[in-house]
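J.: show me the folded form of this:
(chains A and B)
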There are 2 protein chains.
Amino acid sequence: MTARVLVVDDVLHNVKLLEAKLRSEYFDVLTAMNGIDALNIIENELPDIILLDVMMPGMDGFEVCRRVKENPLVAHIPIIMVTALDQQKDRVTGLEAGADDFLTKPIQDLPLFARVRSLVRLKVLMDELRMRDSTGKAFAGDAGMEVSSTIKLDDAKILLVEDYERVAHRIMGYLDGAAQSIDMDDVDVGELTTENLGQYDLFIISLSLRKVDGLRLCSSIRSNEATRHTPILILIDEGDNERLIQAMDIGVTDYVTRPIDGNELVARVKAQIRHKRFADYLRGKMQKNMEMAVTDSVTNLYNRHFLSTHLENVFSPDNDKQANLAMLMLDIDYFKIVNDTHGHAAGDEVLEEFAERISSNIRSIDLAARYGGEEFVVIMPETDAEFALFIAERLRRTISDKPFEISTSKEPINVTVSIGVSIASDECNTKEKLLSDADKGLYKAKDSGRNKVCGFKCLDE
Amino acid sequence: MTARVLVVDDVLHNVKLLEAKLRSEYFDVLTAMNGIDALNIIENELPDIILLDVMMPGMDGFEVCRRVKENPLVAHIPIIMVTALDQQKDRVTGLEAGADDFLTKPIQDLPLFARVRSLVRLKVLMDELRMRDSTGKAFAGDAGMEVSSTIKLDDAKILLVEDYERVAHRIMGYLDGAAQSIDMDDVDVGELTTENLGQYDLFIISLSLRKVDGLRLCSSIRSNEATRHTPILILIDEGDNERLIQAMDIGVTDYVTRPIDGNELVARVKAQIRHKRFADYLRGKMQKNMEMAVTDSVTNLYNRHFLSTHLENVFSPDNDKQANLAMLMLDIDYFKIVNDTHGHAAGDEVLEEFAERISSNIRSIDLAARYGGEEFVVIMPETDAEFALFIAERLRRTISDKPFEISTSKEPINVTVSIGVSIASDECNTKEKLLSDADKGLYKAKDSGRNKVCGFKCLDE
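T.: Numbers count the residues shown, from 1 in each chain, chains lettered A, B, ... in the order given. Sure thing, here's the model as predicted:
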């Protein structure tokens, strides 16, 4: 996947060189020769990725990086810091400033393209998940990602696959005991690709395994639904470019070349875990939004919108299962008195407890929704009139038999419910008709004294 | 990106050959030798992509394809039909059965890997967007994608970039006038990568342009935020494998080799437009879910959950802009009487109109939310007590000055509102305190006869 790359370096020759390399691989390239210009371009052009030199007069690369990561509008753009080979500590400083990766000068083609492509792949996925409001702005509080320096390795679960015991031991040492090592003598690749791999934050896989092909292992991890998005960091011999390219094609996330530098390994491990956690956070947020969109927040039942969509699907022309559907419409009797006497908070408690009693007395295939204030609807598939009336009567008693305990009131409150029942049929074959029939039943129940169940056109009434 | 591929063919030699090819590129491979086995494996193993032979005894490939696309649990898995070279009509039949792409026998490496990778890339993105409920099932109604046969080209917007006029003319003919052709004499690549490209459903780009490098053009389209996900189909000379590989690296979606076969072109165009529309549908759905999660459905104002999150951010320790914040808490007077006299529907109409009047009388930086039944909150940043009381008074009059027109009532309804005002300060520096101060003001307003504005600890009261 191509991308728009911003190259920032104060030396014209370096800028031109990187630009040429990237353009030869058909990347779109922007350039800046100092920190201030870079920040302007970043805010106005929103590049997909930034290659940022550390040593610049005026504002140095670390400061540019910090400012980008503090600005919620651009903090999501990955930054690769470009450091001198002998400046080990610059890498740590860069990652602490919020950088996502680093490259050492002189920059070689393969690491350059590998790291840029890996971060672009991540960014494209993350961009899909970042919530935006209708004006296109990222949603408040979503743009930020914790910086690597706050990542504690002890919270991470890492699986190390390296069958040279001494090497494995040394790596475990670098990682402060956060990693769990697996001996390939004991497992085969097939066994590894099971659900239990889903628990890991990162896989570190040697490409010099004696028993299995490390790339095959990476491919299994990537192909497995549970580990599709888990970062993989490979350990590869310096100069083994052929396998590095294969690894990147498979979708390996990052690599460290042997001999392994402990600081670099730790820095890369932290960066990967940070990306993983941010992605998990965004996925969780999307999931939660979806649930909130269909759920009533007081009762945790489905909301009116969901009920409406569901009923439209049920009665859509290509669904032939509607024949045996029953609907209960429930309305809590004299609910206003609860609110007026005990206050809104108590009213909410009654609604919660009411919803809880309803939910635990219907089948798992039934669907309960809050229809409005104190009005609820239960949809019962594959249900005839007799059974629907039976369940409605049971629900009525479930509510009236035991007073509701409320935290703000010493005395438990007596609650009753009136229930109307309707049945889908050849005449009653739309959402509106089913609801209106149930409402007529409910009206009858209210009219005849409340705390009653009444069917409408159920049985021969 | 690697993936788990299911190969379905009744000839063992073909299965073995495809398996070997795919495994050599580190794909995970499953195999089946008839339709029934294939359907079982698809449901149980959920492969990422299916390579499906057309000609099989018993259940043929078209039938397998139809059954997969009818099953909401697996309909999202892309299918590549494998057809004989001379069976043009099989391609159309396959796409009508819901197939996503096709390959012709004998299968060559490059088309195989290019098409598989392109569909895997699409699937990974789509999987992120498919909504799932907490049990992991895709959300009702989301799995389906319209089949290509229902795609009408006249609804599509296609941009064709081909500067040989005769060729362009012929292609426009195949596409039934749906495409718009652009003459590269008139524009330069830079000009093309602007926002107006976002309107297209598909780009068809010749790699034999005389004025510009077609690949550079593809790269610009891919790097542009507005067209990042728009499919690109390239026209390339048979055997130009080097540029085909480059194109796939850039992220081109599909290709047709010259000499161009009209049927193949139309089939591929339809498949791409279908994918694009499904992706747009999923993105729209996600967007809508996000909006629903923060919006009150009756009034379209922000909901209580959003208000709460927003206030937590405002009062978080790293926000220093809280000093001048004001809050108005509004409660419609005697709202229950409206509901009781005119019914719930009329009540909702009043709420809508009320929200509308409030929204249009506050500043764009202010935030209005429905706090509960008939209770609303307005947050006003950078606002002192005097200005807050002034605005509150204006809102009060906006409501009381003009009766509300309701569709179900002949007589317009008189509505008034009581408003409490609170101001953030050194003592009032939490969400809870600000709300409770505003509530005290509201209580005072209600207590002194309603249709009033009362501050609490605003000015020297």
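J.: pLDDT score assigned to the closest residue to chain B within the stretch 351-461 of chain A?
T.: Going by Cβ to the nearest Cβ, chain B is nearest to residue A:372 of the stretch 351-461 of chain A, at 6.5 Å. Backbone N, C-alpha and C define where each C-beta goes, glycine included. On pLDDT, residue A:372 comes in at 86.
J.: just read off the phi/psi values of it.
T.: Dihedral angles phi and psi of residue A:372 (degrees, to the nearest 10) take the values phi -170, psi -170.
J.: which residues touch it?
T.: Taking Cβ atoms under 8 Å, 6 or more residues apart in numbering or on different chains, we find residue A:372 in contact with A:304, B:344.
J.: so what sits opposite it in the bridge?
T.: Under DSSP bridges, the beta-bridge partners of residue A:372 are residue A:375.
J.: how much space separates it from residue A:332?
T.: From residue A:372 across to residue A:332, the span is 11 Å (Cβ to Cβ, to the nearest Å).
J.: all helices of the stretch 101-250 of chain A, in order?
T.: In the stretch 101-250 of chain A, the helices defined using DSSP state H, counting those that start in this stretch lie at A:109-129, A:165-174, A:189-192, A:214-223, A:241-250.
J.: CA atoms of stretch A:152-172 as CSV?
T.: C-alpha atoms of stretch A:152-172 as CSV (Å, rounded to 0.1, in the frame of the first residue of the first chain):
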residue,chain,number,x,y,z
LYS,A,152,5.3,-1.5,31.8
LEU,A,153,6.6,-4.8,30.5
ASP,A,154,5.2,-6.7,33.5
ASP,A,155,1.7,-6.1,32.3
ALA,A,156,2.4,-7.6,28.9
LYS,A,157,2.0,-11.1,27.8
ILE,A,158,4.7,-12.1,25.3
LEU,A,159,5.3,-15.4,23.7
LEU,A,160,8.9,-16.1,22.7
VAL,A,161,9.6,-18.9,20.2
GLU,A,162,13.4,-19.4,20.2
ASP,A,163,14.8,-22.9,20.5
TYR,A,164,18.4,-22.0,21.3
GLU,A,165,18.2,-22.1,25.0
ARG,A,166,21.0,-19.7,25.7
VAL,A,167,19.6,-17.1,23.3
ALA,A,168,16.1,-17.5,24.7
HIS,A,169,17.4,-17.1,28.2
ARG,A,170,19.2,-13.9,27.3
ILE,A,171,16.1,-12.4,25.6
MET,A,172,13.9,-13.3,28.6
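J.: how far off centre is stretch A:427-441?
T.: How far stretch A:427-441 lies from its chain's middle: 39 Å, per Cα atoms, centre = their mean, to the nearest Å.
J.: may I see the buried residues of it?
T.: Within stretch A:427-441, the residues that count as buried by 16 or more other Cβ atoms under 10 Å in any protein chain shown are A:428, A:431, A:434, A:435, A:437, A:438, A:439, A:440, A:441.
J.: which SSE is immediately downstream of the helix or strand the third one falls within?
T.: Taking DSSP states H and E as the definition, residue A:434 sits inside helix A:431-447. Moving toward the C-terminus from helix A:431-447, the next helix or strand (DSSP H and E) is strand A:453-455.
J.: so what's the residue nearest to residue A:124 when sequence neighbours are not counted up against?
T.: Nearest residue to residue A:124, sequence neighbours excluded (Cβ to Cβ, 6 or more residues apart in numbering or on different chains): residue A:1, at 6.4 Å. Residue A:1 is in contact with A:117, A:120, A:121, A:124, B:121, B:222, B:249, B:250, B:251, counting by Cβ under 8 Å, 6+ apart.
J.: state the pLDDT value of the third one.
T.: Meaning residue A:121. If you check residue A:121, the pLDDT there is 87.
J.: pLDDT wise, what is the closest residue in space to residue A:325 that isn't next to it in sequence at?
T.: Closest residue to residue A:325 apart from its sequence neighbours, by Cβ to Cβ, 6+ apart: residue A:424 at 4.1 Å. Listed pLDDT for residue A:424 reads 91.
J.: just residue A:318 next, same as before
T.: 60.
J.: show me what stretch A:433-453 is in contact with.
T.: Contacts with stretch A:433-453, where a contact means Cβ under 8 Å, 6+ apart, come from A:311, A:315, A:325, A:327-331, A:333-334, A:377, A:389, A:392-393, A:396, A:400, A:416-424, A:427-428, A:454-458.
J.: chain center to it, what's the gap?
T.: 43 Å.
J.: alpha carbons of that stretch, as PDB, please.
T.: Provided in PDB are the C-alpha atoms of stretch A:433-453 (Å, rounded to 0.1, in the frame of the first residue of the first chain):
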ATOM      1  CA  LYS A 433     -50.600  -3.700  13.300                       C
ATOM      2  CA  LEU A 434     -48.900  -5.900  15.800                       C
ATOM      3  CA  LEU A 435     -48.000  -3.000  18.000                       C
ATOM      4  CA  SER A 436     -51.500  -1.400  17.700                       C
ATOM      5  CA  ASP A 437     -53.200  -4.800  18.600                       C
ATOM      6  CA  ALA A 438     -51.000  -5.200  21.600                       C
ATOM      7  CA  ASP A 439     -51.700  -1.600  22.600                       C
ATOM      8  CA  LYS A 440     -55.500  -2.300  22.400                       C
ATOM      9  CA  GLY A 441     -55.000  -5.300  24.600                       C
ATOM     10  CA  LEU A 442     -53.100  -3.100  27.000                       C
ATOM     11  CA  TYR A 443     -55.800  -0.500  27.000                       C
ATOM     12  CA  LYS A 444     -58.400  -3.200  27.800                       C
ATOM     13  CA  ALA A 445     -56.200  -4.400  30.700                       C
ATOM     14  CA  LYS A 446     -55.800  -0.800  32.100                       C
ATOM     15  CA  ASP A 447     -59.500  -0.200  31.600                       C
ATOM     16  CA  SER A 448     -60.600  -3.300  33.500                       C
ATOM     17  CA  GLY A 449     -58.700  -2.300  36.600                       C
ATOM     18  CA  ARG A 450     -55.000  -2.700  35.900                       C
ATOM     19  CA  ASN A 451     -52.700  -5.600  37.100                       C
ATOM     20  CA  LYS A 452     -54.300  -7.600  34.300                       C
ATOM     21  CA  VAL A 453     -53.400  -9.500  31.100                       C
END
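J.: rewinding a little: now for the contacts of residue A:1, which pair is the farthest apart?
T.: Within these, A:124 and B:249 form the most distant pair, 14.2 Å apart (Cβ to Cβ).
J.: what about the residue lying closest to residue A:394 once chain neighbours are set aside, distance to residue A:397?
T.: Spatial nearest neighbour of residue A:394, chain neighbours left out: residue A:361 (6.2 Å); criterion: Cβ to Cβ, 6+ apart. The gap separating residue A:361 from residue A:397 is 9 Å, by Cβ to Cβ.
J.: can you check residue A:13 too?
T.: Counting by Cβ to Cβ - residue A:13 and residue A:397 are separated by 86 Å.
J.: between those two, who's got more neighbours?
T.: When residue A:13 and residue A:397 are compared for neighbours, residue A:397 comes out ahead with 15 against 8, by other Cβ atoms under 10 Å in any protein chain shown.
J.: name the helix or strand for that one, please.
T.: helix A:385-400.
J.: before we move on, the earlier item: which of the contacts of residue A:1 has the largest number of neighbours?
T.: That'd be residue B:222 among the contacts of residue A:1, by other Cβ under 10 Å, with 26 neighbours.
J.: that one against residue B:231, yeah?
T.: No. Residue B:222 is beyond contact range of residue B:231, at 10.6 Å (criterion: Cβ atoms under 8 Å).
J.: below-threshold pLDDT in the stretch 351-461 of chain A: ranges please.
T.: Residues of the stretch 351-461 of chain A that meet the criterion pLDDT under 70 lie in A:458-461.
J.: repeat that for 90
T.: A:363-366, A:372-373, A:381-382, A:406-411, A:425-432, A:456-461 (pLDDT under 90).
J.: is the helix or strand containing residue A:279 anywhere near chain B?
T.: Using DSSP H and E, residue A:279 sits in helix A:262-294. Yes. Residues of helix A:262-294 contacting chain B under Cβ under 8 Å from any Cβ of the partner chain: A:283, A:286, A:287, A:288, A:289, A:290, A:291, A:292, A:293.
J.: and the residues you listed, which are buried?
T.: Buried among those (16+ other Cβ under 10 Å): A:286, A:289, A:290, A:292, A:293.
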